[in-house]
Each structure stands twice: as structure tokens, then as C-alpha cells.
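Colleague: dropping a prediction and its sequence here:
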Amino acid sequence: MDIHSLKAFVTIAEHRSFSDAAEVLHVTQPAISKRIHNLEAQLEHRLFDRIGRKVTLTEAGEALLPQARAILLAMANAERSVHDLSGSVGGKLSMGISHHIGLHRLPPVLRYFTRTYPEVRLDIDFMDSEQAHDMILHGELDLAIITLSPEKEPNLESFAVWNDPLTVAVALDHPLANKRAVTLQQLQGYTAIPPGLSTYTGQIIKRLFDEAGLKMDVAMSTNYMETIKVMVSIGLGWSILPATLVDDSIKALALQGHNLHRTLGCVHHRNRSLSNAAQAFIAVLQNGPLE
């Protein structure tokens, strides 16, 4: 089994698409199909069922997937260990960063890091925190800078970087805008525009209402906080947003009896050795940019 065939197999399994995997790996679709054909021939088992446009793993594919991921992770660790023997800080550093953190928290860190370590090639993907968390879990990224999951995963190491206060937000002409604080019961009577309830931030809001035995009147939801802010500002509903987003286009309200916040931080896999570049980036996160 060669490394390119295993990488093609894992990428197809994760994207459930030959064409998407080819795009991710920057190869043609015939090339990626050939790699899978050769791998299947070598193993004497079909790895994928392809019915129309739907791609699913066979039983053999399901059995191979965790082993293939482990092999790719071991190869990456081996390359990183040899490269880092020089003690220099360079090479590629792959990171998944949430959109909100990338816009509002990380620019000073990235500016300082790139100036201090110009030999490091940053490979950054901006994505939902949940997707980055999953990619770290599967060994596909060095680091993720995200909203930390409320649930601990034993294979992951994480640390907090920023406490991110949250606030109830309404339009300036909303019926609740004349109040300084509101209750969940009051919010229940108006249309809500929460973050996606499958996101970590959405789960915080959902848990508040579930524990109070209340339901939200949800008009729409999206994972993008900046989009929610605009929808709130034009009067389509209330939401709970990071305090960093509050400006003169919306009104921030306290939620009685609750100190709303989420934790933003860094996550990496316990079994993925940290390169010199990753360790240097973590040090900047923990100590702050020195400028």
C-alpha cells in the first residue's frame, strides 16, 4: 500500500465523493480513481460502493479506514520528527480556525507569528469549530483555534485562550430594546435567530431553554455570527451573540440569572507529535504577541 493511495482512500471516505476528494488533493478524478482501483486490487476487496452519485464505504472500507488514518498520522509524525531535528522553526503548519476567531481574535497573533517565524508556511482553513474539532480528532490538522467543545474528548488536548462573553442582542426598535435585562420567559415570546443548534454556541443557548422547560420560536439559523448580527439589526429577531460584535446597530441586553460566555482556545491531538512550528504557535497563543 502506498501513501498516496491511502490518502486518496481516506479523503474519499471523509468527503463521500471522488470529485471532491480529487479537488482537495489537487489531482484529476481519473487519477484518484486509479489509486483506489490499485488499492482495491492489492487488498482484493472493494472499498466503496458507488450507486449513482452516492459513495459509501463497504465493510472492508470501514475496517480499513481507522488503520489508514493511523498510518497517515504515523507517517506525518515521522516526517515532522526528522525535520525538527535541526531545531529550526519552519515547514508547514496546518490549522483550522473558526470564522469568528479569525476575524476578531487572531489577526494580532498571526501578524506577530508570521513576522517572527517567516520560514513557517501557514496552511489555514477557516471553518466551523465543529468541523475543525472533527479534523483534529482524525489527525488531519496540526492545530485548531476554535470554540472549545463543552464535552471532553480523551484523545484531544485543549487549552483556553480567550473567555468570550455572550449577550442577548436585539434591534434598536425591538419591543425589548428599552430594557437593560430580560428573562428567558420574555425571550420566548419573540422570534429567535440562534446560531445553528448543532454548533457549540447553539448548544449553550438550547441548553438554557431546555433546562427552563421553554421553547424558542426559531425563524432561521446560521453558523455565521456576522450574518446573525445583520439579521438582528434589521429586526428579524433576537439572538445571543459574542459581546465583541456589539456596536451601535444593535442593543445588548443582560440575561437575568445567567452569566453567558463561551471558551475559545486551541485543540490538538494527543497522539500527533507537535512540530517546532506548532509549539511556537502555541507559545504565542499562551503568552500573547510580544508587540
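Modeller: Structure received. Numbers count the residues shown, from 1 in each chain.
Colleague: can you pull out the helices in the protein?
Modeller: 3-15, 18-25, 29-43, 59-83, 99-104, 107-116, 129-137, 184-188, 200-211, 225-233, 276-287 (DSSP state H).
Colleague: give me the contacts around the helix or strand bottoming out on mean pLDDT in the chain.
Modeller: Least confident helix or strand, the chain: helix 59-83 with a mean of 82, by mean pLDDT, DSSP states H and E. Helix 59-83 is contacted from outside by 1, 3, 6-7, 9-10, 13, 43, 45-48, 57, 90-91, 138-139, 269, 271-273, 275, using Cβ atoms under 8 Å, 6 or more residues apart in numbering. Backbone N, C-alpha and C define where each C-beta goes, glycine included.
Colleague: try 6 Å
Modeller: Helix 59-83 has contacts (Cβ atoms under 6 Å, 6 or more residues apart in numbering) with 6, 9-10, 13, 45, 47-48, 91, 138-139, 273, 275.
Colleague: confidence-wise, which of the helices of the chain is weakest overall?
Modeller: Lowest mean pLDDT within these: helix 59-83, a mean of 82.
Colleague: off-centre distance for that one?
Modeller: Put simply, helix 59-83 sits 21 Å off its chain's centre (Cα atoms, centre = their mean, to the nearest Å).
Colleague: next, the angle helix 129-137 makes with it.
Modeller: 80 degrees (axes from the mean of the first three to the mean of the last three Cα atoms, to 10 degrees).
Colleague: got the buried residues for helix 59-83?
Modeller: Neighbour-count burial for helix 59-83 flags 61, 64-65, 68-69, 71-73, 76-77, 80 (criterion: 16 or more other Cβ atoms under 10 Å).
Colleague: save those residues as JSON lines, and put in distance to Leu166 too.
Modeller: Output for the buried residues of helix 59-83, formatted as JSON lines (distance: Cβ to Cβ, whole Å):
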{"residue": "Gly61", "distance to Leu166": "42"}
{"residue": "Leu64", "distance to Leu166": "43"}
{"residue": "Leu65", "distance to Leu166": "37"}
{"residue": "Ala68", "distance to Leu166": "40"}
{"residue": "Arg69", "distance to Leu166": "35"}
{"residue": "Ile71", "distance to Leu166": "41"}
{"residue": "Leu72", "distance to Leu166": "37"}
{"residue": "Leu73", "distance to Leu166": "35"}
{"residue": "Ala76", "distance to Leu166": "36"}
{"residue": "Asn77", "distance to Leu166": "38"}
{"residue": "Arg80", "distance to Leu166": "37"}
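Colleague: quick one: which of the residues you listed is nearest to Val182?
Modeller: Comparing the buried residues of helix 59-83 against Val182 with Cβ to Cβ places Arg69 closest, at 46.6 Å.
Colleague: distance of the closest one from Arg272?
Modeller: Arg69 is 11 Å from Arg272, where distance means Cβ to Cβ, to the nearest Å.
Colleague: residues in contact with Asp210?
Modeller: By Cβ under 6 Å, 6+ apart, the contact set of Asp210 is empty.
Colleague: and what of Glu130?
Modeller: Contacts for Glu130 (Cβ under 6 Å, 6+ apart) come out as none.
Colleague: how close does it get to Gly202?
Modeller: Taken as Cβ to Cβ, the span from Glu130 to Gly202 is 10 Å.
Colleague: same check on Leu148?
Modeller: Note on Leu148: its distance to Gly202, by Cβ to Cβ, is 15 Å.
Colleague: among the two, which residue is more densely surrounded?
Modeller: Ranked by neighbour count (other Cβ atoms under 10 Å), Leu148 and Gly202 place Leu148 first, with 22 against 17.
Colleague: which residues touch the more buried one?
Modeller: Going by Cβ under 6 Å, 6+ apart, Leu148 touches 158, 263, 265.
Colleague: the nearest residue to His100 once chain neighbours are set aside: neighbouring residues, count only.
Modeller: By the measure of Cβ to Cβ, 6 or more residues apart in numbering, the closest residue to His100 outside its immediate chain neighbours is Met225, 5.1 Å from it. Met225 is flanked by 20 other residues according to other Cβ under 10 Å.
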